[in-house]
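Visitor: This is a predicted model, with the sequence first.
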Amino acid sequence: MLDTIIQGVINEPPRVVLYGTEGIGKSTFAANAPKPIFLQTENGLGRIDCHKLPLVTEWSVMQNQLHAIYSQPHEYQSLVIDSLDWLEKLIWEDVASTNLVDSIEKIGFAKGYKFALKHWAEFLNMLDAIRNERGMAIILIAHAKVERFEDPEVQGYDRYTLRLHKEADATLREWADAVLFATVKMRIEKEDLGFNKTRTIAKGIGSGGGERILRTVGSPACVAKNRYGIPGDIPLVWEEFAKYL
């Protein structure tokens with residue numbers, strides 16, 4: 001058994017989950033990865049010059065597209081799924097249909113969401129096969145939501161996380177090598193109102209301040225992580241992220 005010991009760093013293509021608010025530039029970030037191909041579950045790539053397969057409208061279509069990426073000859077180096085929260089809707093529809101109901105919530109005792117985890121496990125296994133055997137980077141895009149987090153050490157607080165069911169959210173975050181939150185870093189200014197009064201103004205993009213950034217380390221404000229030693233904030237540009245891979 002000791003003859004099978006492996007030593008040293010293994011350089012593998014990254015598994016990235018990228019989430020953020022609408023219009024922040026998530027798809028543009030992924031489009032600048034090496035030779036990407038998009039599998040789209042929502043219409044939103046019309047203004048981005050990229051290679052993409054037809055819109056996925058059923059879970060079985062996603063399975064077929066992933067199988068094609070895995071088995072057919074191509075020169076793509078990155079696989080992008082855009083987006084996870086729309087894919088989750090297709091998974092729920094498939095679970096409901098399999099159980100002969102019109103909504104996953106009608107399966108009872110929250111069993112439907114447990115059944116959905118089997119779909120997610122199959123999905124991630126297919127992605128790992130594509131990564132390991134085809135050498136492709138995996139980039140999964142999702143939207144953000146604000147969720148209350150009850151921290152056992154301090155008073156509870158709101159934070160950004162993936163717009164997914166909590167168990168799917170936890171599964172995907174555990175699987176990923178990097179969970180990145182795309183946001184705008186506001187520029188804070190104070191405005192003099194006279195009579196010894198001031199007010200604080202947060203300026204974002206389009207108002208003379210702010211820049212698009214990736215948060216790569218978790219904080220009370222957002223869920224994030226990385227296994228590459230990336231600093232807490234970096235510009236929302238693929239080339240900046242790739243420096244640390």
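Guide: Alright, I've got the coordinates.

Visitor: Counting by contacts, list what whatever helix or strand Leu90 lives in packs against.
Guide: Element membership for Leu90 (DSSP states H and E) is helix 84-98. If contacts are counted by 3 or more Cβ pairs under 8 Å, 6 or more residues apart in numbering; DSSP states H and E, helix 84-98 sits against helix 59-71, helix 111-134, strand 137-149. For the C-beta atoms, the positions are set from N, CA and C on the backbone; glycine is no exception.

Visitor: Out of these, which is closest to Thr171?
Guide: Thr171 sits nearest to helix 111-134 of all these, at 5.5 Å, using Cβ to Cβ.

Visitor: What ranges in this structure fall below the confidence cut-off?
Guide: Applying pLDDT under 70 to the chain flags the ranges 186-209.

Visitor: the helices in it, which residues?
Guide: 26-31, 59-71, 84-98, 111-134, 166-175, 238-242 (DSSP state H).

Visitor: Let me have those helices in JSON lines, adding mean neighbour count and distance to Ile6 as columns.
Guide: Putting these into JSON lines (neighbours: other Cβ atoms under 10 Å; distance: least, Cβ to Cβ, whole Å) gives the following:
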{"stretch": "helix 26-31", "mean neighbour count": "23", "distance to Ile6": "31"}
{"stretch": "helix 59-71", "mean neighbour count": "16", "distance to Ile6": "25"}
{"stretch": "helix 84-98", "mean neighbour count": "19", "distance to Ile6": "32"}
{"stretch": "helix 111-134", "mean neighbour count": "16", "distance to Ile6": "15"}
{"stretch": "helix 166-175", "mean neighbour count": "17", "distance to Ile6": "21"}
{"stretch": "helix 238-242", "mean neighbour count": "16", "distance to Ile6": "25"}
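
Visitor: for those, which one sits closest to Arg47?
Guide: Short answer: helix 26-31, nearest of the helices of the chain by Cβ to Cβ, at 9.2 Å.

Visitor: What helices and strands are in contact with that closest one?
Guide: Short answer (3+ Cβ pairs under 8 Å, 6+ apart): helix 26-31 packs on strand 15-20, strand 36-40, strand 78-82, strand 137-149, helix 238-242.

Visitor: For Glu42, give me its contacts.
Guide: By Cβ atoms under 8 Å, 6 or more residues apart in numbering, the contact set of Glu42 is Leu55, Asp82, Ser83, Trp86.

Visitor: List only those of those residues flagged as buried.
Guide: Asp82, Ser83, Trp86 (16 or more other Cβ atoms under 10 Å).

Visitor: what would the residues you listed look like in CSV with distance to Asn132?
Guide: Shown next, in CSV, are these (distance: Cβ to Cβ, whole Å):
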residue, distance to Asn132
Asp82, 22
Ser83, 24
Trp86, 26
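
Visitor: This completes my enquiry, with thanks.
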